[in-house]
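Asker: sequence and predicted structure are below.
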Amino acid sequence: MFGWGTGHKLDIGGMDEKVKIVFQSVDGDRRIEVAAPAGTSVMEAAIMNNVGGIEAECGGACVCATCHVYCDLVAPESLPEQQVDEDDMLDMAAAERRPTSRLSCQIKLNRDLEGAVFILPEAQV
Amino acid sequence: MSKTAIIVGASHGGVQAAASLRQGGWDGAIRLFSAEDALPYHRPPLSKAFLAGEKTEDQILLRGEAFYRDSDIDLHRGEPVLGLDAAKREIETAKGRYGYDTLILATGSRARRLLVDGAELDGIVTLRSLEDARRIRPALEQAGSLVIVGGGFIGLEIASTAAKAGKKTTVIEAQDRLLARALPPVISDFLRDYHRDKGVAFRFGASLAAFQGAQGRAQAVTLADGERIAADLIVVGVGGEANVDLARQAGLTIDAGGLHVDDKGRTSDPHIYAIGDVAAAHNPHAGARLRLESVQNAVDQARLVAADICGAATPTAPVPWFWTDQYDLKVQMAGLSRAGTTRLMRGNPDDGAFTLLELDGDRLIAAHSVNRAADHMAARKLIAAATPLAIDEARDTTIALAKAVARTDA
């Protein structure tokens, strides 16, 4: 049912399978663990669970750069390749852009991301 | 005594207003009224990913249910607001009356209907709400052919979704080109050709004479020139009209098709604000009072009124921006197109990625990008700052648009 779109090799289960991930504040003081179905995006997992610190104004269309996360603690090979439009949008993010910056709407949950920790920047707008 | 803010309408604007009030330190009650039963959701995916079955209802929520609880926002779902008494500062629903200190009208807009013969037949739909999309999704799945009346953004997005699913799709447009009010001809033509390549047929300068059907169900449309086009499903996307009924009831000033607001989002009643599709504000980028139907406008106006209500400094008027996804095209607009601007092409439409710049002298007024997100983002900044552009560099795609500014040191 889901179009992955990136051509990235993914080993996914059905939509029933839940993947646990962690959101962490930049200073590490705040940690929230959430579970969301495989195939939903990291952004959607944050919104569904009211994580805070993710605005996602455009709802995942990759046009607003308000679901910025740092992926310092995520294995790079478990992330989809970054597309040009995401790269362009990240330049507009409110918080500092780092080499590990991603838009969380572009990262769909899969088994490889179990336990992954996403760091929330200090600002989204 | 603690104060109460009431927000009527829980879409992009209403929900953002509630969130921004809390973020801005509003410690009184917040009552957020929605006529719909569903948790508030993003509308743009309704004509795209949701309609295509690629996203579930959970995936298009504006906020999870926990947000309202944790933020102490009293969300009244399925409770349409029926009355407004501005003198008593009360609203009325089927369940009772609620007093307010501050009221935010975020009532949005509704789909305009076409009152021609046969309009009452089944199988003629408009797409505005989740409920609409829930109905259209299975109907589209079963339909072999589709007629879309209106070549606007929603119509073209549905055309894209339908054509991708292999449906025989015809778009009927009254103007001689697509999106004539919002976009310059070069973009209209590009989109028309792109849709045609995907199998979509167009009728331009065409007006609808009637819907035809049998056993209460629509089967075709007929045009003014007599042509008959059969369709299993007919979608009408001919624009929206503001939901000003409550405001009118309360005697608020109506203007430019919407609810008159000042530069802080205040209506003619000092206790009532209006935001989003329903609000007609003076827009410095247009040099006119107008309504804007966009997520950006709703969200930014929500932040504006929340700041004013909380006694904070209000942000300056933002650059309007908008996007539409069709097939693999991401079309992004910054600023507002207007007549008499100088048009400058950056890139080549034949490559499927370009930006049309609109300038007044050397200042950027608007930019319409197809698959050039970096140009769009740069344009938003350049328009906001009214930065003079270096014309030759702006046309050169080997130079980032953000860097194509006139040097002032020469």
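Answerer: Thanks, I have it.
Asker: so which strand or helix has the residue in the stretch 201-350 of chain B positioned nearest to chain A?
Answerer: Nearest residue of the stretch 201-350 of chain B to chain A: B:W323, at 4.7 Å (C-beta to the nearest C-beta). Placement of C-beta: from N, CA and C, glycine included. Using DSSP states H and E, B:W323 maps to strand B:321-326.
Asker: so who does residue 65 touch?
Answerer: Chain wasn't specified; assuming chain A. A:89-90, A:92-94, A:103 (C-beta atoms under 8 Å, 6 or more residues apart in numbering or on different chains).
Asker: try again with chain B
Answerer: B:E65 makes contacts with A:50, B:39, as judged by C-beta under 8 Å, 6+ apart.
Asker: show me where pLDDT drops low in chain A?
Answerer: Applying pLDDT under 70 to chain A flags residues A:1-16.
Asker: and the helices in it?
Answerer: A:42-48, A:84-90 (DSSP state H).
Asker: take the ones you listed and lay them out in TSV including mean neighbour count and distance to B:D197.
Answerer: Output for the helices of chain A, formatted as TSV (neighbours: other C-beta atoms under 10 Å in any protein chain shown; distance: least, C-beta to C-beta, whole Å):
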stretch	mean neighbour count	distance to B:D197
helix A:42-48	27	32
helix A:84-90	18	22
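Asker: mind listing what's buried in stretch A:65-82?
Answerer: Neighbour-count burial for stretch A:65-82, with 16 or more other C-beta atoms under 10 Å in any protein chain shown as criterion, is recorded at A:65-71, A:74, A:78-80.
Asker: how about those, which pair is most distant?
Answerer: Pairwise distances across these (C-beta to C-beta) peak at 23.3 Å, for the pair A:T66 and A:S78.
Asker: just the closest residue of the stretch 101-250 of chain B to chain A, please.
Answerer: For the stretch 101-250 of chain B, C-beta to the nearest C-beta, closest residue to chain A: B:K164, 10.2 Å.
Asker: and that residue, what does it touch?
Answerer: Contacts for B:K164 (C-beta under 8 Å, 6+ apart) come out as B:52, B:198, B:327.
Asker: mean confidence score for stretch B:29-49?
Answerer: When pLDDT is averaged along stretch B:29-49, the result is 97.
Asker: straight-line length of it, end to end?
Answerer: End-to-end distance for stretch B:29-49, by C-alpha to C-alpha, to the nearest Å: 35 Å.
Asker: that stretch near chain A anywhere?
Answerer: Yes - contact of stretch B:29-49 with chain A (C-beta under 8 Å from any C-beta of the partner chain) involves B:42, B:44-45, B:49.
Asker: one more: stretch B:127-138?
Answerer: No - residues of stretch B:127-138 are not located near chain A by C-beta under 8 Å from any C-beta, the shortest gap being 12.8 Å.
Asker: what residues of that stretch count as buried?
Answerer: Buried residues in stretch B:127-138 (16+ other C-beta under 10 Å): B:127-130, B:132-133, B:136.
Asker: repeat that for stretch B:354-361.
Answerer: Residues B:354-359 are the ones in stretch B:354-361 that count as buried (16+ other C-beta under 10 Å).
Asker: residues touching A:T100, list them.
Answerer: With C-beta under 8 Å, 6+ apart, A:T100 has these contacts: A:70-72, A:74.
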